[in-house]
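> predicted structure and sequence below. I'll ask about it afterward.
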Amino acid sequence: MEIDDNIFQAIQACWTGKASPEQIELVRDWLDTSPKNQDLFERLSKTHYQLSHAQTWKRINSLQGKEKLNFRLKKQKKSFHWKYLVSGVAAACLILFAVTRFIPHEPVPEKTILDLAQVKSGSPKATLIFDNGKKIQLNADDTFEIKIKNTIVKDGENTGLKYELSDSLSTRETDETVEYNTLVVSRGGEYILTLSDGTKVWLNSETELKYPVRFTGNTREVSVKGEAYFEVKRD
């Protein structure tokens with residue numbers, strides 16, 4: 001299916017949040033014209049989201065395998081897999097051209113039309129669940145800092161959620177009962193987490209990560225449901 005240049009430019013403006021009222025109205029009218037347009041719009045939006053995050057997600061390839069993460073990942077009832085969203089600039093441009101210009105229509109079940117505001121790139125938002133069940137909503141605007149035993153937990157603007165040791169103890173030198181936190185990223189969100197050993201984790205949309213507030217012993221163990229990229233801090 002070929003898409004008019006003016007329509008496509010208006011859709012792109014909606015993705016970036018820079019659409020004029022006229023462009024928004026143009027897209028709405030185009031969506032109302034045909035169910036095929038609605039299906040195309042939704043598939044374009046999903047592809048745009050994936051490509052817009054390719055620079056972050058392609059770095060997982062540099063780890064060259066799960067063993068270099070030095071993490072033991074618990075198996076969940078619902079299994080997960082690593083997605084290697086890896087592509088060069090040329091490949092990304094080629095895919096973008098093919099997807100946005102000539103996409104064959106395939107019959108699909110009727111779906112709810114995505115609201116224009118939902119097709120922007122994922123925004124920093126997540127839910128932090130403490131060991132005692134207490135929950136805190138995280139976003140890019142609010143900040144906080146608390147202390148859990150010998151670990152400082154803080155969330156700052158543009159820095160994400162961080163766990164830092166508040167004393168001279170190493171991450172392996174404590175016999176304290178291990179407390180676990182869970183970070184849940186819902187649809188349309190994303191978040192950055194720095195674990196107590198310095199490992200950075202990028203969580204994609206619809207991802208859940210359970211991890212200890214402080215690592216003990218010789219094993220760093222976390223549980224993942226969904227899609228996450230680890231930049232492991234070496235010992």
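The structure has been received and is ready for your questions. This structure is a prediction, so every number in the text was calculated from the model and none was measured. Numbers count the residues shown, from 1 in each chain.
> after the worst-scoring helix or strand of the chain on mean pLDDT, which helix or strand is next?
Least confident element among the helices and strands of the chain, by mean pLDDT, DSSP states H and E: helix 89-101 (a mean of 36). Scanning forward in sequence from helix 89-101 by DSSP states H and E, the next helix or strand is strand 123-129.
> CA-only coordinates of that following strand in PDB, if you can.
C-alpha atoms of strand 123-129 as PDB (Å, rounded to 0.1, in the frame of the first residue of the first chain):
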ATOM      1  CA  SER A 123       8.900   8.000  28.000                       C
ATOM      2  CA  PRO A 124      10.700   7.400  31.300                       C
ATOM      3  CA  LYS A 125       8.100   5.900  33.600                       C
ATOM      4  CA  ALA A 126       8.000   2.800  35.800                       C
ATOM      5  CA  THR A 127       6.700   1.400  39.100                       C
ATOM      6  CA  LEU A 128       9.200   0.500  41.900                       C
ATOM      7  CA  ILE A 129       8.000  -2.200  44.300                       C
END
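> quick one: mean pLDDT over it.
The average pLDDT for strand 123-129 rounds to 90.
> so what strands line up beside it?
Take DSSP bridges as the rule and strand 123-129 pairs in its sheet with strand 135-139 (antiparallel), strand 180-185 (antiparallel), strand 189-194 (parallel).
> just name the most buried of the ones you listed.
Of the strands paired with strand 123-129, the one with the most neighbours on average (mean count of other C-beta atoms under 10 Å) is strand 189-194, at a mean of 21. Heads up, the C-betas are built off the backbone N, CA and C, glycines and all.
> part of a helix, is Ala10?
Yes - assessed with DSSP: H, G, I helix; E, B strand; the rest coil, Ala10 lies in a helix.
> what's the local residue count around it?
20 (other C-beta atoms under 10 Å).
> do the one 10 residues further on as well
Other residues within reach of Ser20 by the criterion other C-beta under 10 Å amount to 10.
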